[in-house]
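Engineer: Let's see this in three dimensions:
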Amino acid sequence: MAQTKIEWTEMTWNPVTGCDKISSGCKHCYAEVMARRLQAMGQEKYKKGFELTLHPETLYEPYKWKKSKVVFVNSMGDLFHKDVPIKYIQKVFRVMKENPQHVFQVLTKRADVLSYYDSEEWLEWTHNIWMGVTVENTSVTKRIDLLRETKAKVKFLSCEPLLSALPNMNLNNIDWVIVGGESGRTPRPIKEEWIVDIKEQCKKADVAFYFKQWGGTNKKETGSTLKGKLYKEVPQIELAF
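Structural biologist: Sure thing, here's the model as predicted:
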């Protein structure tokens, strides 16, 4: 496990690392930059840099955590990359099922792969597995429909980096929306009206709304206040012991 600065979770767990770019949200991938840095530092886990790599030795880690955790799964990769075998994905799901004291947050840009595996009933969804898709602009909103059709108990959208307005989203059967601007050396711009519109859509649909950051080259300085208020809503967390 690893501590993280990502506000909407508590820690990260990476049974898969590495990925490749499939949409505009991937252009300035923070995970790729971090993987290269860790490779240069001689970290064994990242000896292949950002090349897709399975780490079966990490599958035992959640059994050792003494306290209940909220866990972002694969912050450094994508569990539903086409080259990750379904049998390995099922092993990850089995670990999550067998650790109901933790909440596992899985996020993918490959909603088509997720949808296929779910439709074939190869995935077993338990209450503590939250499934999300990244929706950075209007060209990828189909991901929302594919997520909605899955049997995941809690479904969420990560609109980060938000690169365009997302008007008239269908938020039926969606539980949570996270919004954030891009950070880093060359961040693409985000507009206040885009965020406000998403917030209003969430309010009408009774969906939890979480504004993570404005981003920019100094995200600490720009903060996460929207029209003078903080919005850090999350779905109710259910744990079993």
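
Engineer: Centre-most residue in the chain?
Structural biologist: In the chain, the C-alpha nearest the mean C-alpha coordinate belongs to Leu107, at 3.2 Å (Cα atoms, centre = their mean).

Engineer: give the contact list for Lys199.
Structural biologist: Going by Cβ atoms under 8 Å, 6 or more residues apart in numbering, Lys199 touches Val179, Phe209, Phe211, Leu226, Tyr231. Using the backbone N, CA and C atoms, a C-beta is placed for each residue, glycine as well.

Engineer: From those, which land in strands?
Structural biologist: The members of the contacts of Lys199 that map onto strands under DSSP state E are Val179, Phe209, Phe211.

Engineer: mind checking how far Asn173 is from Ala205?
Structural biologist: Remark: distance between Asn173 and Ala205 (Cβ to Cβ, to the nearest Å) = 10 Å.

Engineer: Kindly apply the preceding question to Arg36 instead.
Structural biologist: Distance of Arg36 to Ala205, computed by Cβ to Cβ: 39 Å.

Engineer: Same check on Leu166?
Structural biologist: Note on Leu166: its distance to Ala205, by Cβ to Cβ, is 13 Å.

Engineer: Could you do Thr217 as well?
Structural biologist: Using Cβ to Cβ, one gets 33 Å for the distance from Thr217 to Ala205.

Engineer: quick one: low-confidence ranges for this structure?
Structural biologist: For the chain, the stretches with pLDDT under 70 are 1-2, 238-241.

Engineer: Looking at Leu166 and Ala205, which is more packed in?
Structural biologist: Shown here are Leu166 and Ala205; by other Cβ atoms under 10 Å, Leu166 has more neighbours (23 against 15).

Engineer: shouldn't the more buried one be in contact with Val140?
Structural biologist: No. Taking contacts as Cβ atoms under 8 Å, Leu166 lies outside contact range of Val140: 9.8 Å.

Engineer: Would you mind grabbing the residues shared as contacts by those two?
Structural biologist: Listed as contacting both Leu166 and Val140 by Cβ under 8 Å, 6+ apart is no residue at all.

Engineer: just to revisit the earlier point, of the contacts of Lys199, closest to Ile89?
Structural biologist: Checking those against Ile89 by Cβ to Cβ gives Val179 as the nearest, at 27.7 Å.

Engineer: Figure out the helix or strand that the nearest residue to Glu32 once chain neighbours are set aside lives in.
Structural biologist: Distances taken as Cβ to Cβ, 6 or more residues apart in numbering place Phe50 nearest to Glu32, at 4.6 Å, with adjacent residues excluded. Under the criterion DSSP states H and E, no helix or strand holds Phe50.

Engineer: how distant is the longest helix anywhere in the chain from the center of its chain?
Structural biologist: If you go by DSSP state H, the chain has its longest helix at helix 192-205. Computed by Cα atoms, centre = their mean, to the nearest Å, the chain-centroid distance of helix 192-205 equals 20 Å.

Engineer: Show me where the chain has its helices.
Structural biologist: 30-40, 86-97, 111-119, 142-148, 192-205, 219-222.

Engineer: hmm, back to that, in the longest helix of the chain, what's buried?
Structural biologist: Neighbour-count burial for helix 192-205 flags Trp194, Ile195, Asp197, Ile198, Lys199, Gln201, Cys202 (criterion: 16 or more other Cβ atoms under 10 Å).

Engineer: And stretch 119-128, by the same measure?
Structural biologist: Applying a neighbour-count criterion of 16+ other Cβ under 10 Å, one finds Leu123, Trp125, Asn128 buried in stretch 119-128.
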